[in-house]
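*Asks:* give me a 3D structure for the following:
(one chain, ligands or ions: 1)
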Amino acid sequence: MLNFQNITSERLGSHALDLEGALSDHAARLEQAQGALLDRFRAGGDPYLGWMDLPRGEVLGDVLALRDRLAGHYDDLIVLGIGGSSLGGLTLTTALQHPFHNSLASRPGMRVHFIDNVDGDVIEGLLEVLDARRTLVNVISKSGTTTETMAAYLSCKAWLQAQVGEKYKAQIIATTDPQKGILRPLAEREGYATLPVPPTVGGRFSVLSAVGLLPAALGGIDVEALLRGARRAMEHFERSAAHNEILQSALVQHLYGEQGKNITVFMPYSTRLRFLSDWYAQLWAESLGKNRQRDGGSARVGTTPVKAVGTTDQHSQVQLYREGPQDKLVVFVKVEQADRGALIPNAEPDENEMNYLGNKPYQTLMNAELHATAYALLDAGQPNYTISLPRIDAEHLGELLQFLMLQTAVAGELLNINAFDQPGVELGKVLTYALMGRPGFDEQRAQLEAEGITL
Ligand SMILES: O=P(O)(O)OC[C@H]1O[C@H](O)[C@H](O)[C@@H](O)[C@@H]1O
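*Replies:* Next up, the predicted model:
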């Protein structure tokens with residue numbers, strides 16, 4: 001079970017947020033936000049809330065059937081995707097697979113590689129070292145049109161065709177919209193196995209759809225446990241505000257945002273959760289960074305997420321947080337128990353200044369540094385709160401992911417915006433098409449050239 005701890009202190013002075021007081025002042029608003037989301041979800045057919053139904057695992061049977069058919073026949077999986085089509089799977093496999101296993105024998109699943117950029121050196125470098133006969137490719141795109149993903153698809157398809165001939169069709173799986181986009185008809189024409197990205201599930205909310213579940217399942221992760229944990233977060237979300245840490249943490253984020261804490265630092269104290277920060281940055285930025293049009297006026301809203309990892313980024317970012325502008329809220333993620341219980345060895349006699357570390361669990365040091373940093377930031381007037389999870393396993397990670405998606409949705413309600421669209425990303429795509437000479441974008445290309453912007 002996750003728990004949320006809002007550490008506050010008189011050292012925050014006027015910034016201090018008394019959670020009890022805030023909850024009593026804002027309970028009605030919070031429960032209105034909760035009710036609005038639950039009512040829309042329960043009514044069914046909402047164009048944006050399909051992600052709240054994912055913990056039920058409607059696609060699980062198809063994912064497991066594909067895994068069972070393919071497992072053992074392949075050693076490597078290349079996932080082609082970007083944004084929400086990549087970050088969820090990357091978070092799951094980094095957190096839940098063995099961090100360094102290379103030998104197949106000691107690993108239940110495939111090695112999973114992510115191509116999430118048009119970096120030709122990386123794409124060709126990966127293809128150079130993999131055995132095409134033993135490699136699967138999962139091309140993932142909700143829209144089925146994303147330039148970066150489709151370019152990488154063309155490279156992987158050509159590579160497979162050159163190495164395995166017509167068998168390439170059995171080694172490519174497409175995860176995409178059931179009807180729309182280029183990828184769906186292409187996959188059907190080629191005879192690829194396909195899985196759906198439900199139209200009512202946005203990319204940044206799709207980690208518990210086939211988008212994240214298939215790479216995780218092929219990587220040997222217990223996807224049923226992932227969904228079990230996500231269901232626990234959904235049950236948690238039904239509680240009243242006084243017992244609902246999803247609502248409470250959304251309120252803390254909202255109120256500090258209103259105080260002018262315009263930066264949200266997301267800092268899990270775990271190397272295995274480092275890509276959770278990347279996933280959260282997209283979830284938070286794309287959901288809440290909006291130009292709100294209300295009552296004839298407009299307002300640009302949303303706090304800026306900063307990706308961080310503890311303890312590592314104590315040594316890169318904390319100087320700014322301690323002495324720089326007091327415009328930050330830091331969200332820590334604490335892992336109570338490590339998987340292995342690794343101990344720091346005792347120091348040698350001539351290393352006695354390190355005796356204080358001897359024979360202590362690494363996790364004790366990790367969490368001592370989290371608490372030390374949390375209080376050092378409070379001392380600097382930077383508020384923070386901590387989400388704790390008992391350990392990093394599929395069930396608790398599934399719960400945390402759904403917790404953060406629900407928290408973001410509530411934050412969107414409190415900001416009175418649509419947290420589920422991303423109109424702001426379209427212009428960049430159109431201008432890319434123009435610069436790359438895609439037919440139908442000549443006017444935009446001329447506009448760019450008039451501005452002196454050419455390739
Ligand atoms: O899954 P796709 O349709 O390929 O989209 C991949 C990503 O790119 C889009 O531009 C959006 O900003 C993201 O929300 C999305 O996750």
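*Asks:* looks to me like residue 233 is in a helix.
*Replies:* Yes: per DSSP: H, G, I helix; E, B strand; the rest coil, residue 233 lies within a helix segment.
*Asks:* isn't it right next to residue 407, touching?
*Replies:* No: between residue 233 and residue 407 there is no contact, the gap being 9.6 Å when judged by Cβ atoms under 8 Å. Heads up, the C-betas are built off the backbone N, CA and C, glycines and all.
*Asks:* any common contacting residues for these two?
*Replies:* Residues touching both residue 233 and residue 407 (Cβ atoms under 8 Å, 6 or more residues apart in numbering): residue 246.
*Asks:* number of residues surrounding residue 363?
*Replies:* Counted with other Cβ atoms under 10 Å, the neighbours of residue 363 add up to 21.
*Asks:* who in the chain is up against the ligand?
*Replies:* By the rule Cβ under 6 Å from any ligand atom, the part of the chain lying against the ligand is 82-85, 141-143, 146, 149, 203-204, 286, 422, 425.
*Asks:* show me which residues of stretch 252-266 are buried.
*Replies:* Using 16 or more other Cβ atoms under 10 Å as the test for burial, stretch 252-266 gives 252-257, 261, 263-266.
*Asks:* let's see which of those residues end up in helices.
*Replies:* Judged by DSSP state H, the buried residues of stretch 252-266 include 252-257 as members of helices.
*Asks:* ranges for the strands of the chain?
*Replies:* Secondary structure of the chain (DSSP state E): strands at 3-7, 76-80, 111-115, 135-141, 172-176, 193-196, 263-268, 290-294, 297-301, 304-307, 328-335, 384-389.
*Asks:* list the contacts of the nearest residue to residue 277 once chain neighbours are set aside.
*Replies:* In space, and not counting its chain neighbours, residue 277 is closest to residue 307: 3.9 Å by Cβ to Cβ, 6 or more residues apart in numbering. By Cβ under 8 Å, 6+ apart, the residues touching residue 307 are 266, 277-278, 280-281.
*Asks:* what's the farthest-apart pair in these?
*Replies:* In terms of Cβ to Cβ, the contacts of residue 307 reach their longest pairwise distance at 266 and 278, which sit 9.3 Å apart.
*Asks:* pull the CA atoms of stretch 192-205 into CSV?
*Replies:* The C-alpha trace of stretch 192-205 is given here as CSV (Å, rounded to 0.1, in the frame of the first residue of the first chain):
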residue,chain,number,x,y,z
TYR,A,192,1.6,-8.4,-38.6
ALA,A,193,0.1,-9.4,-35.2
THR,A,194,-1.6,-6.3,-33.8
LEU,A,195,-2.8,-5.1,-30.4
PRO,A,196,-5.0,-2.0,-29.8
VAL,A,197,-4.4,1.3,-28.3
PRO,A,198,-8.0,2.1,-27.2
PRO,A,199,-9.1,5.5,-28.8
THR,A,200,-10.2,6.7,-25.3
VAL,A,201,-6.7,6.2,-23.8
GLY,A,202,-4.2,9.0,-24.4
GLY,A,203,-0.5,8.1,-25.0
ARG,A,204,0.8,9.4,-21.6
PHE,A,205,-2.0,7.4,-19.9
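*Asks:* quick check: mean pLDDT across that stretch?
*Replies:* Stretch 192-205 comes out with an average pLDDT of 98.
*Asks:* one more: stretch 295-311?
*Replies:* Averaging pLDDT along stretch 295-311 yields 95.
*Asks:* so which bits of stretch 227-244 are buried?
*Replies:* 227-234, 236-237, 241, 244.
*Asks:* I meant stretch 350-367, not that one.
*Replies:* Buried, per 16+ other Cβ under 10 Å, within stretch 350-367: 357, 363, 366-367.
*Asks:* how close does residue 165 get to the ligand?
*Replies:* To the ligand, residue 165 is 28 Å away according to Cβ to the nearest ligand atom, to the nearest Å.
*Asks:* tell me the confidence at residue 82?
*Replies:* pLDDT, residue 82: 98.
*Asks:* okay, now it: neighbour count?
*Replies:* Other residues near residue 82 come to 21 when the count uses other Cβ under 10 Å.
*Asks:* can you give me the distance of residue 172 to the ligand?
*Replies:* From residue 172 to the ligand the distance is 16 Å (Cβ to the nearest ligand atom).
*Asks:* same question for residue 385.
*Replies:* According to Cβ to the nearest ligand atom, residue 385 stands 26 Å off from the ligand.
*Asks:* what does residue 157 give?
*Replies:* 17 Å.
*Asks:* just checking, that residue touches residue 171?
*Replies:* No: assessed by Cβ under 8 Å, residue 157 is found out of contact with residue 171, at 9.6 Å.
*Asks:* need the contact list for the residue in the stretch 351-455 of the chain that the ligand sits nearest to.
*Replies:* Distances between the stretch 351-455 of the chain and the ligand by Cβ to the nearest ligand atom are smallest at residue 425, namely 4.1 Å. The neighbourhood of residue 425, defined by Cβ under 8 Å, 6+ apart, consists of residue 286.
*Asks:* show the pLDDT at it.
*Replies:* Note on residue 425: pLDDT of 96.
*Asks:* of the buried residues of stretch 227-244, just say which sits nearest to residue 18.
*Replies:* Residue 18 lies nearest to residue 241 out of the buried residues of stretch 227-244, by Cβ to Cβ, at 15.0 Å.
*Asks:* tell me the contacts of the closest one?
*Replies:* Contacts of residue 241 by Cβ under 8 Å, 6+ apart are 23, 27, 30-31, 34, 247-248.
*Asks:* any idea how far it lies from residue 258?
*Replies:* Noted for residue 241: a distance of 18 Å to residue 258, by Cβ to Cβ, to the nearest Å.
*Asks:* closest point of the stretch 151-300 of the chain to the ligand, which residue?
*Replies:* Of all residues in the stretch 151-300 of the chain, residue 203 sits closest to the ligand, at 2.6 Å by Cβ to the nearest ligand atom.
*Asks:* which residues touch the nearest residue to that residue once chain neighbours are set aside?
*Replies:* Nearest non-adjacent residue to residue 203, counting by Cβ to Cβ, 6+ apart: residue 84, 2.7 Å away. Taking Cβ under 8 Å, 6+ apart, we find residue 84 in contact with 142, 202-207, 211, 282.
*Asks:* in helices, which of those fall?
*Replies:* The members of the contacts of residue 84 that map onto helices under DSSP H are 211, 282.
*Asks:* domains of this structure?
*Replies:* The chain breaks down by automatic domain parsing into domains covering 2-37+227-421, 52-221.
*Asks:* any chance of these in JSON lines, with distance to residue 438 too?
*Replies:* JSON lines is the format used below for the domains of the chain (distance: least, Cβ to Cβ, whole Å):
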{"stretch": "domain 2-37+227-421", "distance to residue 438": "23"}
{"stretch": "domain 52-221", "distance to residue 438": "9"}
